[in-house]
Structure formats: C-alpha cells, structure tokens
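> please find the sequence and the predicted model below.
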Amino acid sequence: MTYATDRLHEEIAYVAYHFHWGMDDILDMEHHDRRRWTEQIASLVTRSGAEG
C-alpha cells in the first residue's frame, strides 16, 4: 500500500512548521514515527490553546 502524496505533504509541512525540521529529515522517518510526531505536535498545540 502506498501512502497518499497529499497526506505525506501535510505531515511534512506540519512537522516542519512546528519543529523547523528539514524535509529530508522528516522524509527519512518511518511512516509510524512521522505519524506519532504529528500526533504529539497536535497534542501540544491543543494543550497550548487551552492554556492560553
């Protein structure tokens, strides 16, 4: 199964925007690791919004 290109680009942009990591570093991650990072970032963003 291939991963949707649009979804991959969303994940790359999301991690790069929040953590300022380069595209090559993000692409080098395994899919499950990249998804976990996006989930963790989303949790931080949600928590930060609730505190602000």
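Alright, I've got the coordinates.
> count the residues that sit near Glu10.
Per other CB atoms under 10 Å, the neighbour tally for Glu10 reads 12. The C-beta positions use only the backbone N, C-alpha and C, and glycine is treated the same way.
> and what of Phe19?
13.
> for Ala4, same thing?
9.
> what comes up buried for the longest helix along the chain?
The single longest helix within the chain, with elements called by DSSP state H, is helix 31-51. By neighbour count on 16 or more other CB atoms under 10 Å, the buried set for helix 31-51 is 34, 37-38, 41.
> swap in stretch 23-32?
So stretch 23-32, judged by 16+ other CB under 10 Å, has buried residues 26, 29.
> still on that earlier bit, can you list the buried residues of helix 31-51 in a markdown table and add distance to His9?
Below are those laid out as a markdown table (distance: CB to CB, whole Å):
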| residue | distance to His9 |
| --- | --- |
| Arg34 | 12 |
| Trp37 | 15 |
| Thr38 | 12 |
| Ile41 | 16 |
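> can you list the residues you listed in JSON lines and add distance to His18 and pLDDT?
Formatted as JSON lines, the buried residues of helix 31-51 follow (distance: CB to CB, whole Å; pLDDT from 0 to 100):
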{"residue": "Arg34", "distance to His18": "13", "pLDDT": "94"}
{"residue": "Trp37", "distance to His18": "9", "pLDDT": "96"}
{"residue": "Thr38", "distance to His18": "9", "pLDDT": "95"}
{"residue": "Ile41", "distance to His18": "5", "pLDDT": "95"}
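> please tell me how far the closest residue to Arg34 other than its chain neighbours sits from Gly22.
Of all residues not flanking Arg34 in the chain, Glu11 sits nearest, at 5.4 Å (CB to CB, 6 or more residues apart in numbering). Going from Glu11 to Gly22 by CB to CB, to the nearest Å gives 14 Å.
> neighbour count: those two, which is higher?
Glu11 (20 against 11).
> tell me the confidence at that one?
Looking at Glu11, its pLDDT stands at 92.
> and the residue nearest to Arg34, what element?
helix 5-19 (DSSP states H and E).
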